[in-house]
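Enquirer: Here is the input, now give the coordinates:
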Amino acid sequence: MKPAIIAVVGGKKSGKTTTIELLTKELTKRGYKIGAVKHIPEPNFTIDREGKDTWRYAQAGATTVVGVSAGEIATIEKTRQNDFTLKSIVQKCRGRDLVFLEGFRTLVANDEKIHKILAVNSAEEGMHDLKTFRSIIALTGPLQPRLGRLHIPYVDVCKNVKKLADLIEKTVMKTEAT
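Expert: Numbers count the residues shown, from 1 in each chain. Presented below is the predicted three-dimensional model:
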């Protein structure tokens, strides 16, 4: 069974990471297996560090390097951005019930199969994002947007994570199970 996917999108400091963190805690308590994928837009970012053995293997030509310690396994795949798709990224989280994507604005914007939570800082940001994204299940963020009458609920995830988790179960998990 493939996992349900929810993208949490929004501007800087809008609460994306906090939203995923709190929802992961709540949904894990409810028995769900959660995967999380973070888009890191910095072009020269690497999790590997120069001089470390894994870095040396990649420098020698290995395109997949796996580091194993007592508590985790890290897989580093050397690739170009054009060489991966959202589908190939989500496949890294196989065996999970739900995968949260943080960011990936361009890849998820019009994909109606990917549910979205919009984290917003302002009403202006919210209005822009409502025009940009499809399949929005909720809005959250540090400032409750005053966007008039919407059919999309606003939930302050910091004050009521259970309500947002209930909404995910009702709209996303039940849809994916059918």
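
Enquirer: Count the residues that sit near Val157.
Expert: Around Val157 there are 25 other residues, counting by other Cβ atoms under 10 Å. For the C-beta atoms, the positions are set from N, CA and C on the backbone; glycine is no exception.

Enquirer: Which strands and helices lie in contact with the longest helix along the chain?
Expert: The longest helix of the chain (DSSP state H) is helix 16-29. Judged by 3 or more Cβ pairs under 8 Å, 6 or more residues apart in numbering; DSSP states H and E, helix 16-29 is in contact with strand 4-10, strand 34-38, strand 98-102, strand 115-119, helix 161-168.

Enquirer: Throw the ones you listed into a markdown table and include mean pLDDT and distance to Glu125, thanks.
Expert: Below are the helices and strands packed on helix 16-29 laid out as a markdown table (pLDDT from 0 to 100; distance: least, Cβ to Cβ, whole Å):
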| stretch | mean pLDDT | distance to Glu125 |
| --- | --- | --- |
| strand 4-10 | 93 | 7 |
| strand 34-38 | 93 | 20 |
| strand 98-102 | 95 | 16 |
| strand 115-119 | 93 | 9 |
| helix 161-168 | 96 | 19 |
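
Enquirer: looking at these, which is closest to Asp83?
Expert: Minimum separation from Asp83 across those (Cβ to Cβ) falls at strand 34-38, 16.1 Å.

Enquirer: other SSEs contacting the closest one?
Expert: The contact analysis (3+ Cβ pairs under 8 Å, 6+ apart) places strand 34-38 against helix 16-29, helix 86-90, strand 98-102.

Enquirer: Would you point to the one among those that's packed deepest?
Expert: strand 98-102 (a mean of 23; mean count of other Cβ atoms under 10 Å).

Enquirer: now that one against strand 34-38, angle please.
Expert: Between strand 98-102 and strand 34-38, the angle formed by their directions is 20 degrees, by axes from the mean of the first three to the mean of the last three Cα atoms, to 10 degrees.

Enquirer: what does the longest helix of the chain contact?
Expert: For helix 16-29, contacts defined as Cβ atoms under 8 Å, 6 or more residues apart in numbering pick out 8-10, 34, 36, 38, 98, 100, 102-103, 117, 119, 140, 157-158, 161-162, 164-165, 168.
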